[in-house]
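Chemist: Next one to model:
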Amino acid sequence: MAGTGVRVDHTTTSGTFSLDGQTFDVDNNVWVVGDDEECVVIDAPHDVAPILDLVGGRRVRAILCTHAHDDHVRVAPRLREQTGAPILLHPDDKPVWELTHPAELWDADLADGQEVEVAGTRLTVLHTPGHAPGAVCFHAPDLGCVFTGDTLFQGGPGATGRSFSDYDKIVASIRARLFALPADTVVHTGHGDDTTVGAEREALGA
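Modeler: Alright, predicted model coming up:
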């Protein structure tokens, strides 16, 4: 079971998302999982300051990237500089990462089935390609939740109309990996409100 005091903290940051020559204003969710001593950060969108505020004085064990679109990794290298934490990304997202950070790399690869430990609990990596080739979700069974980035939102799958994305793949990923989780699993998304696996399973007719 999860260690004593393990919790999920949340903030929202605002900025832009750019791809294929288009730029959009977006609000991004930032999730921090840990206890009073240590934590991991899930995605580093637009601004380091609110992320550090959410972290407080805790040790950041890792910066976990759900995928490499610029509105999810823009300040990851700066957050690494300020915390000393490694950046973890699925290697299939290398071409996407290079659009934002052509001169810098992440520190370690994420792999399907990998477990990231923090504060006595574990996040299991689920490779869910579709929105991006290296998109992943982080399942925290002890906490009854999954962090889906832009793979699954309240109301359905993430967008697939741009480079490196594929609608059939994202739907297959959601059906095989996310809908296999318990129905009451809370879905913490990359943008917008929470939902549950059961609600989205019903909405997608699965």
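Chemist: Sketch out the low-pLDDT regions of this structure for me.
Modeler: 1-4, 206 (pLDDT under 70).
Chemist: Which residue of this structure lies farthest from its centroid?
Modeler: Using CA atoms, centre = their mean, the residue of the chain lying farthest from its centre is Gly205. It sits 24.6 Å away.
Chemist: Against Tyr167, how distant is Glu202?
Modeler: 20 Å (CB to CB, to the nearest Å). (Each C-beta comes from the backbone N, C-alpha and C, glycine too.)
Chemist: So for those two, which sits in the more crowded spot?
Modeler: Tyr167 (14 against 11; other CB atoms under 10 Å).
Chemist: Identify the residue spatially nearest to that one, adjacent ones excluded.
Modeler: Leaving out its chain neighbours, the residue that sits closest to Tyr167 by CB to CB, 6 or more residues apart in numbering is Thr160, at 4.2 Å.
Chemist: what's the spacing between the one you found and Asn28?
Modeler: On the measure of CB to CB, Thr160 and Asn28 end up 19 Å apart.
Chemist: again with Val186
Modeler: 18 Å.
Chemist: So for the two, which residue has more residues nearby?
Modeler: Asn28 (25 against 15).
Chemist: secondary structure class for Asp112?
Modeler: Each residue gets one of three states, and Asp112 gets coil by DSSP: H, G, I helix; E, B strand; the rest coil.
Chemist: pretty sure it contacts Thr128?
Modeler: No. Applying CB atoms under 8 Å as the test, Asp112 and Thr128 come out as separate, 9.0 Å apart.
Chemist: residues bridging contact with the two, i.e. touching both?
Modeler: Among the neighbours of Asp112, those also in contact with Thr128 (CB atoms under 8 Å, 6 or more residues apart in numbering) are Val136.
Chemist: what about the two, which has more around it?
Modeler: Thr128 (31 against 13).
Chemist: Can you pull the phi/psi pair for the more buried one?
Modeler: phi -130, psi 70 (degrees, to the nearest 10).
Chemist: can you give me the strands for the protein?
Modeler: 7-19, 22-34, 38-42, 59-64, 87-89, 108-109, 115-118, 121-127, 136-140, 145-149, 152-153, 156-157, 186-189, 195-196 (DSSP state E).
Chemist: Report the inter-axis angle for the fourth one versus strand 145-149.
Modeler: For strand 59-64 and strand 145-149, the angle between their directions (axes from the mean of the first three to the mean of the last three CA atoms, to 10 degrees) works out to 50 degrees.
Chemist: ok, and for strand 59-64, which residues are buried?
Modeler: Of all the residues in strand 59-64, those buried under the rule 16 or more other CB atoms under 10 Å are Val60, Arg61, Ala62, Ile63, Leu64.
Chemist: So what touches it?
Modeler: With CB under 8 Å, 6+ apart, strand 59-64 has contacts from 34, 37-44, 76, 79-80, 83-88, 110, 116, 118, 123, 138.
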